[in-house]
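*Asks:* Fold the following for me, if possible:
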Amino acid sequence: MECACTICLGTDTLVVQRGCCCRGDSGAAHVSCMVALAIHATEQQDECWSWMACGICKEYFTGTMQLQLAEAFVKHVVTDLGLGLDSDKVLEARAHLASTLSEHGKYAEAETIMVDVLGIRTRVFGQEHVSTVDVLEELAMIYGNLGKYTDAETIQSAILATRRNDLGDEDGDTLRAANNLANTLDELGRYSESEALQRCVVEVRERLDGPDDPDTLTSLGVLAVTCCSLGKYAEAAMLERRVWAAQKRVLGSSHPDTLATASNLAGTLDDLGQLAEAELLQREVLAELMAVQGPEHPDTLASMNSLAITLSSQGRFVEAEELELEVIEVLRRCLGIDHQTSWHAVGNLCLTYSSQGRYGEAEDLQRTVMDKLSQIIGESHPDTLASQTNLGSILHRQGKHADAETIQRSNLAALEQSLGKDHVKTVMAAHNLALTFRFVGKRDEAICMLRVVIAQRGQSLGKDHPVTLGSVANLAALLCDAEQYVEAEALATRALAAQDRALGDPNSVHTIYTLGEILLASGRPEEAAQLLRDRLVQLEAQLNGDNEFLLHTAAVFGLAQSALGESAEAIATLRAVHCKQTQLREPPSADVLQTAGFLGAALARSPDTAAEGKELLNATCLELHRTLGPQHPYTEATVRLCEEVGAATSKHDADQLSVAADQ
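*Replies:* Got it, this is the predicted structure:
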């Protein structure tokens, strides 16, 4: 059903939604009618609010209406009124257009206009005039969107110094400047500096404005986000619950700020592993946004994407995929197929495909995303480089380790140049490359690189941060490959103890099976079986049955059962895991092949199925040798299993099998 323009009541294809909180007929209008209304309001009241926000719901316009009104505002003051470029109204209109272009992903155009406005403001009013500083603040925001975080920080640091000098430490504009700088420090990965600055802002806000003032609550919400980045999930959740409760009292449960806080809280609950509560809260937020702002509002789409992430965390990938496809369709319709935000949404879909084991689709689509972002925002933009990071991970997960190494080396070099060697995204790229080194026979390089990564993450995030502990567990796995069992066990035990203290750390399942593998490899199957038996009960209550790490943990437990002579139980466990992995993963899958090797060993250790087991082990060893290479840890481990049960007498036999098959 077509919507009618709220001003002229006409119905045609030129009617568009205003993108504010008004919906249906009440939110539809011709751009030309809105321009006429804004001109009338400007003439009557000599203010520019009507060009930017709805007179009914008081919310800012978004989408097509926002951009076209911003362009019409400039045309009106320059062409219709004939005002000069030095005029206050022209400068205001052009600055608003630049900010709007930036919101729509047109960063280069926005930068050009804002730099020009800044030059005029500086020439006419001086560098330290309040209007000049206001434009500088907007330019810093644009630099942040362009990924020029260092430039943004330089400007924002200067603004904060100016505000403190002119207005004092406790003025509202000074506090806003401090918050802006803190946000940029977050982007630079300097979370501790950001946290310190934000805690100062919160202290002043609470003392001067009170604990329930909207500005105080906003500052507390920003602090909570930084706490999440630092792995302080419990404190973040506490802050967000406090802010959410106050905003419901002060602003109402349907206010955009209240809903944004609820969405952030749901994300924190996801990080804490409280997935059921996170999902329930995300659905409540989404329902409110649908009712208040409509299905095409950016906040609604962001909420749908957040719900998809929570569903993915539960292993409910089909539901997540449906939501992500819906978001992509709306974004392309509202913003266009080549908008940056549309391609970010496609990138989220790639990760869902990868989590489902649909690596071919994920790889093809991720390459497209990377190419498109390169065209739209540039090859060196952090978002483009993040897309390249994701591509490397997808290649790694599907066993294309040589291709992954090439991409990851390039990605690491670009991030070092763009963000610096110690930025969290650069360190993550180094971590990913180290994992790939493990699978291409560069174990010593991988170990050295991971030790550096752990030191960097320990310094910037803290030694007990979930990300740091994940790297510690990966180093333990590498040391186990190298038969350095004492250090490997010590690292995995320390990591697991810290994860247990944190409660809900999503990386703990990886650490659990790594420690189980170490205990098995060092000849202690009883301890391995006990650890894995106890932990599997907990994990099965927390994770979806399709979770790849849960399945891997169960497979290691099956191998431990086999080593203890519990053949029937081991075979049943491993057959179930192998069947589930085969359903979920595209062949050839490293996880499926590894479990097949475990199953072959279990069968070979039972007199009734020894021949079947040895045949399966030989076939699996050959397939691993051919698809992943002789130096892959899974190949090496399967060869050792062959030797243990007499399926093959040595690594030489496996090499000969591979040569014969190739011939």
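*Asks:* Tell me which stretches of the stretch 501-650 of the chain form helices.
*Replies:* 508-521, 525-542, 548-563, 567-584, 590-604, 610-627, 633-645 (DSSP state H, counting those that start in this stretch).
*Asks:* by contact count, what packs against the strand or helix carrying residue 215?
*Replies:* Secondary structure from DSSP states H and E places residue 215 in helix 214-229. The contact analysis (3 or more C-beta pairs under 8 Å, 6 or more residues apart in numbering; DSSP states H and E) places helix 214-229 against helix 172-187, helix 191-209, helix 233-250, helix 256-271. The C-beta positions use only the backbone N, C-alpha and C, and glycine is treated the same way.
*Asks:* between those, which one is nearest to residue 645?
*Replies:* When these are compared by C-beta to C-beta, helix 256-271 sits nearest residue 645, at 42.5 Å.
*Asks:* tell me the angle of that closest one relative to helix 233-250?
*Replies:* When axes from the mean of the first three to the mean of the last three C-alpha atoms, to 10 degrees is applied, the directions of helix 256-271 and helix 233-250 differ by 160 degrees.
*Asks:* Quick check: buried residues in helix 256-271?
*Replies:* 256-271 (16 or more other C-beta atoms under 10 Å).
*Asks:* swap in stretch 585-596?
*Replies:* Quick answer for stretch 585-596 (16+ other C-beta under 10 Å): 585, 589-596.
*Asks:* In a strand, residue 463, correct?
*Replies:* No. Counting by DSSP: H, G, I helix; E, B strand; the rest coil, residue 463 is not part of a strand but coil.
*Asks:* residue ranges with poor pLDDT in the chain?
*Replies:* 1-2, 21, 23-25, 503-506, 588, 647-663 (pLDDT under 70).
*Asks:* Which element, helix or strand, includes the residue nearest to the spatial centre of it?
*Replies:* In the chain, the C-alpha nearest the mean C-alpha coordinate belongs to residue 348, at 8.5 Å (C-alpha atoms, centre = their mean). Element membership of residue 348 [criterion: DSSP H and E] is helix 340-355.
*Asks:* right, and residue 378 touches residue 384 too?
*Replies:* Yes. Using C-beta atoms under 8 Å, residue 378 is in contact with residue 384, at 6.5 Å.
*Asks:* Can you list the residue ranges for helices in the stretch 1-150 of the chain?
*Replies:* So, for the stretch 1-150 of the chain - with DSSP H, counting those that start in this stretch - the helices run 31-45, 63-75, 88-103, 107-125, 130-145, 149-167.
*Asks:* neighbours around the nearest residue to residue 382 once chain neighbours are set aside, how many?
*Replies:* Of all residues not flanking residue 382 in the chain, residue 147 sits nearest, at 4.2 Å (C-beta to C-beta, 6 or more residues apart in numbering). When neighbours are counted by other C-beta atoms under 10 Å, residue 147 registers 22.
*Asks:* mind listing what residue 147 touches?
*Replies:* 377, 380-383, 418 (C-beta atoms under 8 Å, 6 or more residues apart in numbering).
*Asks:* what would the residues you listed look like in CSV with secondary structure, neighbour count and distance to residue 240?
*Replies:* Shown next, in CSV, are the contacts of residue 147 (DSSP: H, G, I helix; E, B strand; the rest coil; neighbours: other C-beta atoms under 10 Å; distance: C-beta to C-beta, whole Å):
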residue, secondary structure, neighbour count, distance to residue 240
377, helix, 21, 31
380, coil, 16, 34
381, coil, 20, 30
382, helix, 20, 26
383, helix, 17, 26
418, helix, 20, 31
